[in-house]
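> need the 3D shape of this:
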Amino acid sequence: MTTAAVLGKNMTLSVEGDLMAEAVSFALHFGQSMVDVTSKDSNSWGDFLSGRKEWSIDFNGMYIYNDVAKKCIQAHFIDGSPATLTLIITMPDGATYTGEAVMESMDYEGPAEEALTISGSLKGQGALTASVS
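Down below sits the predicted model:
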């Protein structure tokens, strides 16, 4: 079987239906807590059960004045609304992940001789749904 590497530039993030503009990178994280159920009957090996699942997204990109996706993330944070953001992460092969998230952090960085950038982290709120193409 032949395999080929996939370019990360084809991964996209949409927030409330608007594609995040001038993105540089995204990182989609999956995690789960582990419940230790090791006992004397475990034959010197650890035994674990899957616990709570969680997911998050980190993003980095150029600050663009009219980027609706980034403005939407910021607006939800500033107005203090409990509303969540609907995200769609599209992978290079067309598979998508859809879920709701809240803003955990967002940073603006503006060095004197470089482009103004924005980065942030979104924390999943509930399940992440996968659609394989």
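> beta partners of the most centrally placed residue in the chain?
If you average the C-alpha coordinates of the chain and look for the closest C-alpha using CA atoms, centre = their mean, you land on Ile57, 1.6 Å from that point. In this structure, Ile57 has the following beta-bridge partners (DSSP bridges): Leu28, Leu122.
> contacts only, for it.
Contacts for Ile57 were tallied using CB atoms under 8 Å, 6 or more residues apart in numbering; they are Leu13, Phe26, Ala27, Leu28, His29, Leu87, Ile89, Ala101, Ser121, Leu122, Gly124. To be clear about C-beta, it is placed using only N, CA and C from the backbone, and glycine gets the same treatment.
> neighbours around the fifth one, how many?
Right, the one you point to is His29. Other residues within reach of His29, judged by other CB atoms under 10 Å, total 12.
> thought it was touching Asp58?
Yes: the pair His29 and Asp58 passes the contact test of CB atoms under 8 Å, sitting 7.3 Å apart.
> quick revisit: buried subset of the contacts of Ile57 as a ChimeraX selection?
Here is the ChimeraX command that selects only those of the contacts of Ile57 that count as buried (16 or more other CB atoms under 10 Å):
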select :13,26,28,87,89,101,121,122,124
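> any idea how far the lowest-mean-pLDDT helix or strand in the chain is from the middle of the chain?
The element with the least model confidence among the helices and strands of the chain, by mean pLDDT, DSSP states H and E, is strand 85-90, at a mean of 79. Averaging C-alpha coordinates over strand 85-90 and over its chain gives two centres that are 8 Å apart (CA atoms, centre = their mean, to the nearest Å).
> adjacent strands (with direction) for it?
By DSSP bridges, strand 85-90 pairs with strand 12-15 (antiparallel), strand 96-109 (antiparallel).
> and those as CSV, adding distance to Tyr65 and mean pLDDT?
Output for these, formatted as CSV (distance: least, CB to CB, whole Å; pLDDT from 0 to 100):
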stretch, distance to Tyr65, mean pLDDT
strand 12-15, 16, 87
strand 96-109, 13, 88
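> low-confidence stretches in this protein?
1-2, 80-84, 133 (pLDDT under 70).
> where do the strands sit along it?
12-15, 18-19, 23-36, 48-62, 85-90, 96-109, 117-124, 129-131 (DSSP state E).
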